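Kindly generate the corresponding structure for this input.
(one chain, ligands or ions: 1)
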Amino acid sequence: MDMCSVPGSTMDLSIPGICEGYLMKRRKYPLKGWHKRYFLLEKGILKYSKTQQDIQRGKLHGSLDVSLAVMSINKKAKRIDLDAGDSLYHLKVSYMITRTPSMGRHSHRAPSVADSMAEYFDASEVIVCESSSEAEASDESGLSDITTTSTSEPEEGHGECYRPSCRRTTLPAPGTDNSHIGIMTILYNNIGKDLSRVSMPVALNEPVCLLQRLSEELEYSELLDIANHIDDPYERMVYVAAFSISGYAWASWRYRYKPFNPVLGETYESHREDRGFHYISEQVSHHPPISACHAESENFTFWQDQRWKNKFWGKSVEIISSGLVNVTLPKYDDHYEWNKAVTCIHNVLSQQRFLEHYGEVVIRNTKSDVCTCKITFVKSRYWSSDNSKNEVQGVVLDQAGEVVHRFGGLWHEGIFCDTLSTPKCIWKPNVQPDDHFQFYGFSRYARELNELTPELKAVLPPTDTRFRPDQRLLEEGKVTEADKKKDEVEEKQRERRKEMAKRGEEHIPRFFRKSLDEAGREVWLYNGTYWKLRKDPGFSNTKNLDLW
Ligand SMILES: CC(C)CCC[C@@H](C)[C@H]1CC[C@H]2[C@@H]3CC=C4C[C@@H](O)CC[C@]4(C)[C@H]3CC[C@]12C
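Numbering: from 1, shown residues only. Below is the predicted model:
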């Protein structure tokens, strides 16, 4: 693609001239499509605006230092991808002219697709929602309405204890510093390989696995308990939406370690009497990795199968999940389903790493079309101040598409809705423990996930993550031993696969079965046997997989 050629020889080492002209720039997530922008590349700095006049007037929409970005050319799509670490750009050529300082301006413009496309303003790309300011989301006065079970103080003198306060509040050992580990080197040594097959040093791990992380999406299950008692369908939707957003809050603290990949057949249960639900999950496929889960309570059922793809852009990784989340509320016979936002690990190779969610999440009630909900996780603009970070905005729409409720806030700070009869904060994350940095950025809830009490030990199947030895060693701070064990666990998994292949057998998950949903998508559904078997005859009396 001859985008910018300085007349003369290819060996011309003189300072390149200014390149300028119109390019098509992919619109910010989630708004698909392209819009035309005027770009100017001078001394390695790429600036852009809506028009040439705007550039001249210094009215920039953005600028970036190309020498610090990773550029990749997608010939087939005729696209240039620029990963600046803090943000990702996708550009397409429509027409570009070259101007060297000595040349006059060639301001001819070729007709292009750009002309036929609708014009959009960057600023109006997001739904403007008055109620979503940071100030309001963190307005203490509005917060008294939230009911949280997890922050309530324990009652004194309580006999049998399953209150959150009786669970452990810290981990046996703090996390070790892993900043010295060269992820670059690991990647270079594995060029061309499927990264999910590359064994990473355990020091990059946190002592929970993806099945446990999936269960963290239920940390704010009280929002569903509330939703199951709201007669008004629009208001009910607001609470379901807040629940879907609450599952993203961990990202502002959990960017330094990666969870363990569950081995095929690994299970994880979470029996939360204090919260009124029981959760079961299983790794049902290894390549591609798929984790299925199912939770039940008096007030809701919750299930999903998590499958995702990674896109590495040079500095950042985008994680695109394809499974849908499902929630039913028995009182109103509702069945909600929604997609997931994209999670981006910015600057994945460096210490400036941070996570961002963006994209549009649509919640539908498959049992009724009274209302739908659209949530936008706003992609932050790198040139704007920090307060646009982590913004999320949503609307509940009626059948005619009219807005009934608006809500918004920041996914790491809280969600406020001012269209309810009493405007209020719908959700606010629990306060992080003071020492969270030392302990992998774990919330109180996350610290409880891998706890193995004697009572649990007696009833869990041996495939439960809590028995996974390498993860346990890491939790205890024994990194060297954990590393060795991790190799063994992975080797054992490979052996098992080989054996099965030899026998021509296919792995059959134990608690989930493959099925098709109404839209014909492949889904994994709970087969209803886990809690029954646990009770009778008990997992110590059943045949279980030997995973480690
Ligand atoms: C190189 C390493 C140490 C950097 C840390 C990477 C961390 C931040 C990455 C590794 C694996 C990632 C997870 C992989 C899969 C999913 C499922 C998706 O539906 C939501 C995001 C989520 C939960 C990702 C969040 C970010 C994550 C935890």
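
Okay, now the unreliable bits of the stretch 201-350 of the chain?
The stretch 201-350 of the chain contains no residues with pLDDT under 70.

what ranges do the strands span in it?
Secondary structure of the stretch 201-350 of the chain, counting by DSSP state E, counting those that start in this stretch: strands at 205-209, 258-260, 267-272, 277-285, 290-297, 301-306, 308-312, 317-321, 325-329, 334-338, 342-346.

now the angle between strand 325-329 and the fifth one, please.
For strand 290-297 and strand 325-329, the angle between their directions (axes from the mean of the first three to the mean of the last three CA atoms, to 10 degrees) works out to 10 degrees.

before we move on, back to that, just say which of the strands of the stretch 201-350 of the chain is most tucked in.
strand 205-209 (a mean of 26; mean count of other CB atoms under 10 Å). (C-beta placed from N, C-alpha, C; glycine too.)

so that one versus strand 290-297, what angle?
Strand 205-209 and strand 290-297 are oriented at 50 degrees to each other (the same axes, to 10 degrees).

if we can go back for a sec, would you list the strands of the stretch 201-350 of the chain in TSV and tack on distance to the ligand?
Output for the strands of the stretch 201-350 of the chain, formatted as TSV (distance: least, CB to the nearest ligand atom, whole Å):
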stretch	distance to the ligand
strand 205-209	8
strand 258-260	4
strand 267-272	15
strand 277-285	13
strand 290-297	9
strand 301-306	5
strand 308-312	5
strand 317-321	4
strand 325-329	9
strand 334-338	12
strand 342-346	4
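
wait, which of the ones you listed is closest to Arg57?
Of all the strands of the stretch 201-350 of the chain, strand 342-346 sits nearest to Arg57, with 30.7 Å by CB to CB.

what lines up beside the closest one in the sheet?
Based on DSSP bridges, the pairing partners of strand 342-346 within the sheet are strand 317-321 (antiparallel), strand 354-365 (antiparallel).

Parallel or antiparallel, which strands does whichever helix or strand comes after the longest one pair with?
It stands for strand 354-365. Later in the chain than strand 354-365, the nearest helix or strand by DSSP states H and E is strand 371-377. Strand pairing for strand 371-377, determined by DSSP bridges: strand 354-365 (antiparallel), strand 391-398 (antiparallel).

Need the winner for burial among the ones you listed.
Of these, strand 391-398 is the most buried (mean count of other CB under 10 Å), at a mean of 22.

how about the nearest residue to the most centrally placed residue in the chain, chain neighbours excluded?
Closest to where the C-alpha atoms of the chain average out (CA atoms, centre = their mean) is Thr343, at 3.8 Å. Once flanking residues are discounted, Thr343 sits nearest to Ile319: 4.5 Å by CB to CB, 6 or more residues apart in numbering.

Does the one you found touch Ala341 like I think?
No: under the criterion of CB atoms under 8 Å, Ile319 makes no contact with Ala341, lying 9.7 Å away.

Return the angle between stretch directions for the longest helix along the chain and strand 205-209.
As assigned by DSSP state H, the longest helix anywhere in the chain is helix 479-503. For helix 479-503 against strand 205-209, the angle by the same axes, to 10 degrees is 50 degrees.

residues in contact with helix 479-503?
Residues outside helix 479-503 that contact it (CB atoms under 8 Å, 6 or more residues apart in numbering): 176, 199, 201-203, 263-264, 286, 468-471, 473-474, 506-507, 547-548.

Go again with 6 Å.
Helix 479-503 is contacted by residues Thr176, Ser199, Val202, Ala203, Val263, Pro469, Asp470, Leu473, Leu474, Trp548 when judged by CB atoms under 6 Å, 6 or more residues apart in numbering.

just the buried members of those residues?
Among the contacts of helix 479-503, those classed as buried by 16 or more other CB atoms under 10 Å are Val202, Ala203, Val263, Asp470, Leu473, Leu474, Trp548.

What about those residues, which are in helices?
Using DSSP H, the buried ones among the contacts of helix 479-503 in helices are Asp470, Leu473, Leu474.

and the stretch 101-250 of the chain, which residues reach the ligand?
Residues of the stretch 101-250 of the chain that fall close to the ligand, judged by CB under 6 Å from any ligand atom: Ile183, Leu204, Arg213.

again, only this time at 5 Å
Leu204 (CB under 5 Å from any ligand atom).

and the residue of the stretch 101-250 of the chain nearest the ligand?
Leu204 (4.1 Å; CB to the nearest ligand atom).

low pLDDT regions in this structure?
By pLDDT under 70, the low-scoring segments of the chain are 1-13, 28-31, 94-165, 192-197, 382-388.

give me that answer again for 90
Low-confidence segments of the chain (pLDDT under 90): 1-36, 42-45, 55-166, 176-201, 287-288, 308-317, 348-352, 379-389, 517-519.

how's it carved up into domains?
Annotated domains of the chain cover 19-93, 183-534 [the TED database].

And the last one, end to end?
With CA to CA, to the nearest Å applied, domain 183-534 spans 41 Å between its terminal residues.

now the shortest one
According to CA to CA, domain 19-93 extends 13 Å from its N-terminal end residue to its C-terminal end residue.

Run the chain-centre distance for it.
With CA atoms, centre = their mean, to the nearest Å as the basis, domain 19-93 stands 26 Å off its chain's centre.

Near Lys498, how many other residues are there?
10 (other CB atoms under 10 Å).

Which parts of the chain are helices?
Under DSSP H, the chain gives helices at 52-56, 113-116, 134-137, 183-189, 210-215, 222-227, 233-246, 444-448, 454-459, 469-475, 479-503, 530-535.

For Lys315, which of those is the nearest?
Closest approach to Lys315 among the helices of the chain (CB to CB): helix 183-189, 11.2 Å.

just checking, what packs against that closest one?
Applying 3 or more CB pairs under 6 Å, 6 or more residues apart in numbering; DSSP states H and E, we find helix 183-189 packed against no helix or strand.

which parts of it are buried?
Applying 16+ other CB under 10 Å to helix 183-189 flags Ile186 as buried.

Name the nearest residue to Ser297, ignoring sequence neighbours.
Nearest to Ser297 is Phe277, by CB to CB, 6+ apart, at 3.7 Å.

OK, contacts around that neighbour?
With CB under 6 Å, 6+ apart, Phe277 has these contacts: Ser221, Ala295, Ser297.

Can you add distance to Leu449 and give these back as TSV?
Putting the contacts of Phe277 into TSV (distance: CB to CB, whole Å) gives the following:
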residue	distance to Leu449
Ser221	14
Ala295	14
Ser297	18
